[in-house]
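Q: predicted model follows, preceded by the sequence.
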Amino acid sequence: MHRSRLYGLFVDTPTPEAPAAAAFWSAALGVPAVPESHEEQFTMLRGAFPALAIGVQAVGDAPRYHVDIETDDHEAETARLTGLGAVEINRWLDCHIMRAPGGHLLCVVPVHSDAALFAAQATAWP
C-alpha cells in the first residue's frame, strides 16, 4: 500500500520572466512570494489555496501549468499513473516527470506538505 495526494499547481514560466510572474501571482493571490532556500528555481506562494501549494517555477521552455502529486512511494505511484495512461518523460532529483493523456505535465514528488496534512488527505492505494 502507498498513499498520494495532489500537492500543488505550478506556473511554469521562462526563466527570465519568473521574477515578474512570481510578483504578479503573489499580488493577485494576496500571499507572499518566498524563494525556496535550497533551490532558486522555485518561488512558493504558500497559503494561496488552503492545503494546496501554488508556486512559480522557472523553466527553459514555453509557459504552462503542471500539477505535482506527492507520494510516500515514488515507484508505486509512477507505476499506478503509468497504468492509467501517463508516460514518464524525464526524472529530476526525486521527481518523476510524466505526461498525462491529453499532453499535460505532472510530477510525482516526495511528500512536501506537513505530515499530518498528508496523512489526513492522501488517498491510500493498494
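A: Received, thanks. Numbers count the residues shown, from 1 in each chain.

Q: check contacts around Pro14.
A: 58-63 (CB atoms under 8 Å, 6 or more residues apart in numbering). No exception for glycine: its C-beta is placed from N, CA and C like everyone else's.

Q: over to Trp25?
A: For Trp25, the contact set (CB under 8 Å, 6+ apart) comprises 11, 33, 45, 48, 54, 56.

Q: same question, Gly103
A: Taking CB under 8 Å, 6+ apart as the definition of contact, Gly103 has no neighbours.

Q: any idea how far apart the tips of stretch 110-124 sit?
A: One end of stretch 110-124 to the other measures 15 Å (CA to CA, to the nearest Å).

Q: no wait, stretch 45-57
A: Start-to-end, stretch 45-57 (CA to CA) is 11 Å.

Q: I'd like the average pLDDT over it.
A: Stretch 45-57 shows a mean pLDDT of 82.

Q: returning to what we had before: from the contacts of Trp25, pick the one nearest Gly85.
A: Taking CB to CB as the measure, Gly85 lies nearest Val11 of the contacts of Trp25, at 24.9 Å.

Q: wasn't that closest one part of a helix?
A: No: according to DSSP: H, G, I helix; E, B strand; the rest coil, Val11 belongs to no helix; its state is strand.

Q: identify the bridge partners of it.
A: In this entry, Val11 is beta-bridged to Val56, Tyr65, by DSSP bridges.

Q: could you measure from it over to His74?
A: Distance of Val11 to His74, computed by CB to CB, to the nearest Å: 24 Å.

Q: can you give me the buried ones in the helix or strand bottoming out on mean pLDDT in the chain?
A: Least confident element among the helices and strands of the chain, by mean pLDDT, DSSP states H and E: helix 18-29 (a mean of 84). Neighbour-count burial for helix 18-29 flags 18, 21-22, 25-26 (criterion: 16 or more other CB atoms under 10 Å).
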